[in-house]
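Q: Quick one, fold the following:
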Amino acid sequence: MNSARLRAELALAAVTVIWGWSFVIVKKALEDLPTFLFLALRFGVASFTLVLLFRGRLGQHSHRWKETLRAGLVTGLCLASGYFFQTAGLRYTTASKSAFLTGLTMAVVPFLAAAVSRKPPQLSELFGVAVAVTGMALLTLPPGTFSMAWGDTLTLGCTVAFAAHVVAVGYWSSRTAWELLTLTQIFLTGLLSFVLAWGLEPMEAPWNLRIAGAVLFTGVLATAIPFSVQCWAQSFTTPTRTALIFALEPVTAAVAAYFWAGERLSVRGWLGATLILCGVLLVELKPWRGRSHPLA
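A: Got it, this is the predicted structure:
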């Protein structure tokens, strides 16, 4: 592994730890803030932070705005859709379950890459998804029923959107200025969140230090900086390797939820969570060698 890839993947691992802790912070913030208003504030702060960080570099890439705006529109719509589903679902489920369900995203990435490259999925990918889906059922379905809770169902909606975002960023990160790509998709997500908040929710909230801290943490440390790192890092590594690193996120979230929010998974829940992680690893590591996908 060359040094540039190593630095990029270590940076992605650090991002994963931050995102894992953010599940608990968002869960607590949603006790006081409507869903889309929280997202509008989070991504608004992130956009402002990115403008400050990149103010000396944006002008250098002015000739690349047209291509980057197109890339940012696609990646931004994927990102916004994923956060809409994930944040709305987190209001009705636990941080631990939300994180493990979001982890299924990483099992979807190779399938989207296969669809784009028009190549069939490999045997290890099919088996890995079957293991992960079994784990999802154990984690979310009460014994003796096939009825999934509303929060878990919403959270599942984010998996395809986030997987599409990983593939799209992997495609465009080396073709555009990563600073512009980051700012464009973050700004679009904030704008869409504000429009939905304005049309669907009361634009009022009780303000206190906990809410302000949650907005600043998620806006700066869990959005602006991590997505900048992702857009930069994915120009040195592949979407599949990125997805494998991101599989650490639910583990970090479960640890944070245990110590900070007092959340406990049942034995059945831990078995399901373990199977989800095993399924993701089967998909990403591909123990049965086969043809790789160009985008993976």
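Q: Could you list the low-pLDDT ranges of the stretch 51-200 of the chain?
A: Within the stretch 51-200 of the chain, the stretches with pLDDT under 70 are 57-65, 144-146.
Q: all strands of it, in order?
A: Assigned strands in the stretch 51-200 of the chain: none (criterion: DSSP state E, counting those that start in this stretch).
Q: hey, C-alpha coordinates of stretch 2-9 in CSV?
A: Only the C-alpha atoms of stretch 2-9 are listed here, as CSV (Å, rounded to 0.1, in the frame of the first residue of the first chain):
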residue,chain,number,x,y,z
ASN,A,2,1.4,3.4,-1.0
SER,A,3,1.7,6.2,1.6
ALA,A,4,-1.0,8.3,0.0
ARG,A,5,-3.5,5.5,0.2
LEU,A,6,-2.5,4.7,3.8
ARG,A,7,-3.0,8.3,4.9
ALA,A,8,-6.3,8.5,3.1
GLU,A,9,-7.6,5.3,4.7
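Q: Please state the offset of that stretch from the chain centre?
A: Remark: stretch 2-9 is offset 21 Å from the chain centroid, using Cα atoms, centre = their mean, to the nearest Å.
Q: Could you shift the numbering so residue one becomes 5, and keep it that way?
A: Understood, numbering begins at 5; the last thing we discussed is stretch 6-13.
Q: Give me the contact list for it.
A: For stretch 6-13, the surrounding residues in contact (Cβ atoms under 8 Å, 6 or more residues apart in numbering) are 5, 236, 237, 238, 239, 240, 241, 245, 249. Yep, even glycine has a C-beta here, placed from its N, CA and C like the rest.
Q: Enumerate every residue touching the last one.
A: Just to be clear, that refers to residue 249. Applying Cβ under 8 Å, 6+ apart, the residues contacting residue 249 are 13, 16, 17, 20.
Q: From the contacts of stretch 6-13, list the buried ones, please.
A: When neighbours are counted using 16 or more other Cβ atoms under 10 Å, those contain these buried positions: 236, 237, 238, 239, 240, 241, 245, 249.
Q: Return the subset of the residues you listed lying in strands.
A: Counted as lying in strands by DSSP state E, out of these, is not a single one.
Q: Redo those residues as JSON lines? Include pLDDT and distance to residue 158.
A: Formatted as JSON lines, the buried ones among the contacts of stretch 6-13 follow (pLDDT from 0 to 100; distance: Cβ to Cβ, whole Å):
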{"residue": "236", "pLDDT": "85", "distance to residue 158": "31"}
{"residue": "237", "pLDDT": "87", "distance to residue 158": "29"}
{"residue": "238", "pLDDT": "78", "distance to residue 158": "27"}
{"residue": "239", "pLDDT": "79", "distance to residue 158": "32"}
{"residue": "240", "pLDDT": "85", "distance to residue 158": "34"}
{"residue": "241", "pLDDT": "82", "distance to residue 158": "30"}
{"residue": "245", "pLDDT": "77", "distance to residue 158": "29"}
{"residue": "249", "pLDDT": "83", "distance to residue 158": "25"}
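Q: ok, of the residues you listed, which one's closest to residue 32?
A: residue 249 (26.2 Å; Cβ to Cβ).
Q: how about the closest residue to residue 49 other than its chain neighbours, secondary structure?
A: Distances taken as Cβ to Cβ, 6 or more residues apart in numbering place residue 223 nearest to residue 49, at 2.9 Å, with adjacent residues excluded. Following DSSP: H, G, I helix; E, B strand; the rest coil, residue 223 is assigned to helix.
Q: what do you get for the one 5 residues further on?
A: Three states are possible here, and by three-state DSSP the one that applies to residue 228 is helix.
Q: hang on, it packs against residue 57?
A: Yes: Residue 228 lies in contact with residue 57 (Cβ atoms under 8 Å); the separation is 7.1 Å.
Q: what's the distance between the closest residue to residue 38 other than its chain neighbours and residue 266?
A: Spatial nearest neighbour of residue 38, excluding adjacent residues (Cβ to Cβ, 6+ apart): residue 205 at 4.0 Å. From residue 205 across to residue 266, the span is 29 Å (Cβ to Cβ, to the nearest Å).
Q: Neighbour count for those two, which is higher?
A: residue 205 (16 against 7; other Cβ atoms under 10 Å).
Q: how about the more buried one, what does it touch?
A: Going by Cβ under 8 Å, 6+ apart, residue 205 touches 38, 39, 40, 41.
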